[in-house]
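J.: What shape does this take:
(chains A and B)
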Amino acid sequence: MSERLRGVVVTHAELAAALVGAVRAIAGDDGGLVALSNAGTDRAALARLLEDAATPAGTPVLVFTDLVGGSCTAVAATVARGRAGMRVVSGVNLGMLLDFVFHREEPLDAAAARAAAAGRDAVREVGR
Amino acid sequence: MSVALYRIDDRLIHGQVVVGWGQSLQVGFIVLVDEAVRASDWEQELYRMGVPAAVEVIFAGVAEAAARAGAWEADPRTGIVLTGDIATMAALCEAAPSVRRVNVGGLHFRPGRTERLRFVYLTDDEAAALRALAATGVAVTAQDVPTAAPVPLEAFA
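T.: Predicted coordinates for the structure are as follows:
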């Protein structure tokens, strides 16, 4: 069995905390998700927060960010580039996180692909 | 207007720039003046990733930016020129006298800096550098997003 993945959600303002709170409300457990905000941070400070959240070293980590061109994504991609066992998926939504917390045993690469697919699948036009 | 904004922002090209200012100004090009990013294809690709395809992204060092500043000012498109720190913007202003206004858009907390505005933290030396820039005739204000009012230099440095 693969080591269970750790999920870190990195967003603007309080979005990450709200998303993790919503996961907890729906699933009854937050699946170990860690919420980080970029509020008040420059790139170096946010990178340190992410590295701290991704400990212990060697734990496979999937990082969820909100905006593909945002500072959270740029920082996460930079941190992940220098660290084995970390992948980044942008465009986080609640559907993506809910799927993740029930599939934390997957290999990291497969989990990243699965998260992107789950996030896309959660976006639909409804009621027509 | 060609270059609508000369901005100091330690997050470089990010959401506030691309979405906030980019949509508001309907920008056609963004210039990032940063020697480290200029030297890294990987970082350039990273910063291009979130910019709409219709917006040109240009990476330059200070000397190159100074040489091209006149062309950017004459460009029929609207542009934003970014640096990640005060020293780089001051160097650009010195090398390109056509730069007459600077927006402090985001300088966040680091050890040694104190809060001047919610989005501006400065050391005493950085505050002095901004005042020195203003003393050369450059208009320096702080404004994070286009819907906010610009804050005069005297209020934060």
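J.: Show me which helix or strand of chain B is least confident by mean pLDDT.
T.: In chain B, no helix or strand scores lower on mean pLDDT, DSSP states H and E than helix B:15, which sits at a mean of 91.
J.: Could you tell me how many residues sit around residue 10?
T.: No chain in the question, so chain A it is. Applying other CB atoms under 10 Å in any protein chain shown, we find 29 residues neighbouring residue A:10. Bear in mind the C-beta positions are built from the backbone N, C-alpha and C, glycine included.
J.: think we crossed wires, I meant chain B
T.: Neighbour tally, residue B:10, other CB under 10 Å: 21.
J.: now do the one 5 residues further on
T.: Burial of residue B:15, expressed as a neighbour count using other CB under 10 Å, amounts to 20.
J.: contacting residues around the residue of chain B found nearest chain A?
T.: Proximity to chain A, evaluated over chain B using CB to the nearest CB, is greatest for residue B:50 at 1.2 Å. By CB atoms under 8 Å, 6 or more residues apart in numbering or on different chains, the contact set of residue B:50 is A:67, A:68, A:69, A:70, A:73, B:13, B:14, B:15, B:18.
J.: Name the residues of the strand or helix carrying residue A:113 that come out as buried.
T.: Assigned by DSSP states H and E, residue A:113 belongs to helix A:108-121. Residues of helix A:108-121 classed as buried: A:108, A:111, A:112, A:114, A:115, A:118, A:119 (neighbour count, 16 or more other CB atoms under 10 Å in any protein chain shown).
J.: these two touch, right, the second one and residue A:4?
T.: No: contact criterion CB atoms under 8 Å: residue A:111 and residue A:4 do not qualify, at 10.3 Å.
J.: Can you pull the residues that touch both of those two?
T.: What both residue A:111 and residue A:4 touch, as defined by CB under 8 Å, 6+ apart, is the set residue A:104.
J.: Enumerate the residues of chain A near chain B.
T.: Within chain A, the residues that sit near chain B (CB under 8 Å from any CB of the partner chain) are A:12, A:40-45, A:67-71, A:73-74, A:77-78, A:81.
J.: Let's see the PyMOL selection covering just the buried ones among the residues you listed.
T.: Command for PyMOL, covering only those of the residues of chain A next to chain B found buried under the criterion 16+ other CB under 10 Å:
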select buried, chain A and resi 12+41+42+43+45+67+69+70+71+73+74+77+78
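J.: Could you list the residues in contact with the least confident helix or strand of chain B?
T.: Helix B:15 is contacted by residues A:12, A:67, A:69, A:70, A:71, B:50 when judged by CB under 8 Å, 6+ apart.
J.: Mind doing that once more with 6 Å?
T.: Contact with helix B:15 is made by A:67, A:70, as judged by CB atoms under 6 Å, 6 or more residues apart in numbering or on different chains.
J.: Using PDB, write down the CA coordinates of the helix or strand just after that helix.
T.: Going down the chain from helix B:15, the next helix or strand is helix B:22-25, by DSSP H and E. Extracted in PDB, the C-alpha atoms of helix B:22-25 (Å, rounded to 0.1, in the frame of the first residue of the first chain):
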ATOM      1  CA  GLY B  22      -4.900  43.700 -16.500                       C
ATOM      2  CA  GLN B  23      -8.700  43.600 -16.900                       C
ATOM      3  CA  SER B  24      -9.200  47.100 -15.800                       C
ATOM      4  CA  LEU B  25      -6.600  48.600 -18.100                       C
END
